[in-house]
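Q: could you look at this predicted model? Sequence included:
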Amino acid sequence: KDASCQYVLLPQMSRSEVLQYSRKPQIKVLSNTPALQAVSEITLGMVAANFWQAGSIEDIYSDGVAAVIYRYNADTLFLNVSDPTWDRTSQTLTLQGTYRLLHSKPDDNIRVSTDGKQTQIYLSTVNRLGMTQQLVLLRTPAIVATVTETTESLPTYMFGDPTPVAVLAPQAGRPAYPYNHFDGYSEQAQEHDWTVVTLENPYIRVSMLPQLGGKIWGAVEKQSGREFIYQNHVIKFRDIALRGAWTSGGVEFNFGIIGHVPTTATPVDYTTVQKDDGSVSCYVASYEWITGTWWMVEVNLPKDKAFFTTSVTWYNASAMYQPCYQWMNAAYTIRGNAEFVYPGNASITHDGDWDTYPVTKEGKDISWYEDVNSGSDMSVHVLGKYNHFYGIYWHDWNFGSAHVADYADKLGMKYFIWSKARSGAIWEKLLTDSDGQYIEQQSGRMFCQPNEACAFTPFKHTALQPCATDTWTEYWFPMMNIGGVKEASAIG
């Protein structure tokens, strides 16, 4: 009762050949149950399995009844599948690892997909009448995203100790209380250790500095080796921010009443996560004491996409209305014949003064860096069209960088250019050693960055309500070999 047996058919073998075979059989029984019978033919490297219900053999899972024969040749899998009952309308096999389909017969009604860890094969068996379906698949390296934390020693021009007493407004019109102000800036670099968080997949690499406000330090497209976010390879603090100390480059996160915010040169909280979908994230967060608001930015890199996202959560923990001031400030090199790609037909200044765009009322095209000849620094807030993207394209390199966000989330689209006169050019030497001059492209919650005069224009600022939470997501990605940019979206 309940006995089982296993046997091998050896057609045309003599009695002596069978005896010899029995001493060293080339068959290994992998399973012999009512649910699954499977054997491996060692000489041929072939496995044959009959599934009578859902189950697994080696690295292959069947969702139900199936007759399967397969063999490997290096990284190539030869797979044959049929329905011995003729009753099923479809079969699904799941392979451990990532594969791509090279060939199938018949070549219709077969779908192969992978999540980076497993490969799923769907086969339609409608009207197949038990016919064998043949597939040839190639094992491919798993697509992964990684997040690492390292310590890097960088040339650093440090700032001095904070003032012993916090003052209301260390710079005219820029209240900073209860923060202290930093004074004294070094003219000599010293090596200093900085924590660097790096998010990387096969396509792009993104670096972050949690000790400098959590800013994105830089981003590189790996095939070309080009930066699509400008990375300053020295840390050169200068008296620019609300508390004084500030460094150029990367993407700076600004929350509060005005930029550059109090946390821009000091450590913030951070953590890293490897997610179930294969993506990686670095969360950075801080409390802003002037407004009593709390902010967090998740920088996420998918395992198989050439973009990263910044997802913001901003919470007003106070019982008062607070300024709705939030701008992402990203840096880009001015080299390479740069074109500023901003769909719009008008621009405004910080004061709310209006002009035409990209050609001004004076007849100057200000959308190309080489054509800008301003004797003073220039801030351009572009508007006039329902627009969800902006970018920059370096025509000498046939390479660019784009930013995408929902229009309702990011009304403000600005770029800033240092003056080409000595008053602006001097900042290249003050802020970097060898990475050259840069421009800033910025995305904001409101149409412009405010001052007193702006309050008398239609471009007024709203407030973040008491105990309110604001959330949104922005996309950042490189572009290559397309000759220029007319449109961009979250899918390219």
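A: Happy to help now that I have it.

Q: please, which helix or strand holds residue 127?
A: Following DSSP states H and E, one finds residue 127 outside all helices and strands.

Q: now do the phi/psi pair for residue 425.
A: Taking degrees, to the nearest 10, you get phi -60, psi -30 for the backbone angles of residue 425.

Q: what pairs with the residue nearest the centre of the chain across the strands?
A: By CA atoms, centre = their mean, the chain has its centre lying nearest to residue 308, at 1.6 Å. With DSSP bridges applied, residue 308 shows beta-bridge pairing to residue 476.

Q: span of stretch 374-385 from start to end?
A: Distance between the boundary residues of stretch 374-385 (CA to CA, to the nearest Å) amounts to 25 Å.

Q: so where is the stretch 101-250 of the chain shaky, pLDDT-wise?
A: Within the stretch 101-250 of the chain, the ranges that satisfy pLDDT under 70 run 170-174.

Q: now do the contacts for residue 105.
A: Neighbouring residues of residue 105 by CB atoms under 8 Å, 6 or more residues apart in numbering: 133-135. For the C-beta atoms, the positions are set from N, CA and C on the backbone; glycine is no exception.

Q: re the thing from before, wait, the residue nearest to the centre of the chain touches residue 199, no?
A: Yes: using CB atoms under 8 Å, residue 308 is in contact with residue 199, at 6.9 Å.

Q: what's the overlap in contacts for those two?
A: 206, 299, 301.

Q: and of these, the nearest to residue 106?
A: residue 301 (39.2 Å; CB to CB).

Q: which pLDDT value belongs to the closest one?
A: At residue 301, the pLDDT value in this model is 98.

Q: so what's it up against?
A: Neighbours of residue 301 in contact, by CB under 8 Å, 6+ apart: 145, 147, 199-201, 204, 206, 279-281, 308.

Q: just the buried ones out of those residues, please.
A: 145, 147, 199-201, 204, 206, 279-281, 308 (16 or more other CB atoms under 10 Å).

Q: need those residues in CSV (columns: distance to residue 242 and secondary structure).
A: As requested, these are arranged in CSV below (distance: CB to CB, whole Å; DSSP: H, G, I helix; E, B strand; the rest coil):
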residue, distance to residue 242, secondary structure
145, 34, coil
147, 30, strand
199, 28, strand
200, 32, strand
201, 35, coil
204, 31, strand
206, 26, strand
279, 33, coil
280, 31, strand
281, 28, strand
308, 27, strand
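
Q: report the two of those residues separated the most.
A: Checking the buried ones among the contacts of residue 301 with CB to CB, the most distant pair is 204 and 281, at 14.6 Å.

Q: residues near the nearest residue to residue 279 once chain neighbours are set aside, how many?
A: Spatial nearest neighbour of residue 279, excluding adjacent residues (CB to CB, 6 or more residues apart in numbering): residue 302 at 4.6 Å. Using other CB atoms under 10 Å, residue 302 has 20 other residues around it.

Q: swap in residue 169?
A: Neighbour tally, residue 169, other CB under 10 Å: 12.

Q: now do the contacts for it.
A: Taking CB under 8 Å, 6+ apart, we find residue 169 in contact with 175-177.

Q: selecting buried members of those residues in ChimeraX, what would you type?
A: Selecting only the buried entries of those in ChimeraX, with 16+ other CB under 10 Å as the criterion:
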select :176
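
Q: which ones among the contacts of residue 169 map onto helices?
A: Counting by DSSP state H, none of the members of those fall within helices.

Q: could you single out the nearest of the contacts of residue 169 to residue 424?
A: Using CB to CB, residue 176 comes nearest to residue 424 of those, at 25.0 Å.

Q: who's in contact with the closest one?
A: 166-170, 242-243, 262, 290.

Q: which residues in the stretch 151-300 of the chain form helices?
A: Using DSSP state H, counting those that start in this stretch, the stretch 151-300 of the chain contains no helices.

Q: so residue 274 is in contact with residue 148, correct?
A: No: when contacts are counted by CB under 8 Å, residue 274 is not listed as touching residue 148 (10.8 Å).

Q: so the two - more neighbours on which side?
A: Neighbour count, other CB under 10 Å: between residue 274 and residue 148, residue 274 has more, with 14 against 11.

Q: report the beta-bridge partners for the closest residue to the more buried one other than its chain neighbours.
A: For residue 274, ignoring the flanking residues on the chain, the nearest one in space by CB to CB, 6+ apart is residue 280 at 5.6 Å. As for beta bridges, residue 280 partners with residue 274, residue 301 under DSSP bridges.

Q: now residue 280: how far from residue 305?
A: Computed as CB to CB, to the nearest Å, the residue 280 to residue 305 distance reads 12 Å.

Q: also residue 207?
A: For residue 207, the distance to residue 305 (CB to CB) stands at 18 Å.

Q: over to the closest residue to residue 418 other than its chain neighbours: give its phi and psi.
A: Nearest residue to residue 418, sequence neighbours excluded (CB to CB, 6+ apart): residue 424, at 3.7 Å. Reported as degrees, to the nearest 10, the phi and psi values for residue 424 are phi -100, psi -40.

Q: what's the neighbour count on residue 424?
A: By other CB under 10 Å, neighbour count at residue 424 equals 17.
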